[in-house]
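Colleague: model this:
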Amino acid sequence: MQFLYDSENPFDARIANAEMYRKGIILAEWISFPFRTEDFRTVLGKIGIDENEKDADKWCLIDYDSFVPGLCRHFGEHESVEVLNTLAGILCTLSDYDGMKFAAVSETGSFASAPEEYILLCAELAEFTFYPHICSTYDLGYCFILESGINDLQYFLRYMDFAGYGKDILQAGQGLFTGQGCLIRNSMHHKI
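Modeller: Numbering: from 1, shown residues only. Predicted coordinates for the structure are as follows:
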């Protein structure tokens, strides 16, 4: 998957020493996901936590920066770093098309709200069809007519209400527009 700004990582998190954070002192470091265990231990050491410490109550995640639109908006302070690391690893393996589809789904904020749900969403991307750069009902209707295989397209073009047809496609497929294109939920599948 290609991420914005040519980053190799889908998101970063700022890890803080929880005890100091509760006292109003921010002792924190950024880490990119996915990370290696030794990288995580190094970050813990920088914020004053024994690198062999296994107690997750000793740290908290106080900020996120994502290269996937909308991905981290629901992530909290006490997310499992193991789950986040798994999610990031999966995102790095997505094809460019599935990555664009995931980004569009993530941008909506409608289908997942926790890291575990995003992991499940990665496995269910086939439930969606994504049309990059289609950002209006007119363009969507026109695209579907062109792909329909009608032999005498020129004859029908003067009679078609492309915007109306595109609107019907969106309603039938539970579709919506995102900043990257049109996302349609395939009606034959069940809710995630």
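
Colleague: when you work out contacts or count neighbours from here on, use the C-alpha atoms and nothing else.
Modeller: Will do.

Colleague: now do the helix or strand of the chain with the lowest mean pLDDT: distance to the chain's middle.
Modeller: One helix or strand of the chain scores below all others by mean pLDDT, DSSP states H and E: helix 153-157, with a mean of 71. Relative to its chain's centre, helix 153-157 lies at 39 Å (C-alpha atoms, centre = their mean, to the nearest Å).

Colleague: now swap in stretch 167-184 and tell me
Modeller: 17 Å.

Colleague: give the buried residues for it.
Modeller: Under the neighbour-count criterion of 16 or more other C-alpha atoms under 10 Å, stretch 167-184 has 167, 169-170, 173, 175-178, 180-184 buried.

Colleague: over to stretch 87-99?
Modeller: For stretch 87-99, by 16+ other C-alpha under 10 Å, it's 87, 88, 89, 90, 91, 92, 94, 98, 99.

Colleague: from residue 26, how far off is residue 166?
Modeller: 51 Å (C-alpha to C-alpha, to the nearest Å).

Colleague: more neighbours: which of the two?
Modeller: residue 166 (22 against 16; other C-alpha atoms under 10 Å).

Colleague: the more buried one: which element?
Modeller: Following DSSP states H and E, one finds residue 166 within helix 162-172.

Colleague: what residues does that helix touch?
Modeller: Residues outside helix 162-172 that contact it (C-alpha atoms under 8 Å, 6 or more residues apart in numbering): 136, 137, 138, 139, 140, 141, 142, 144, 175, 176, 184, 187.
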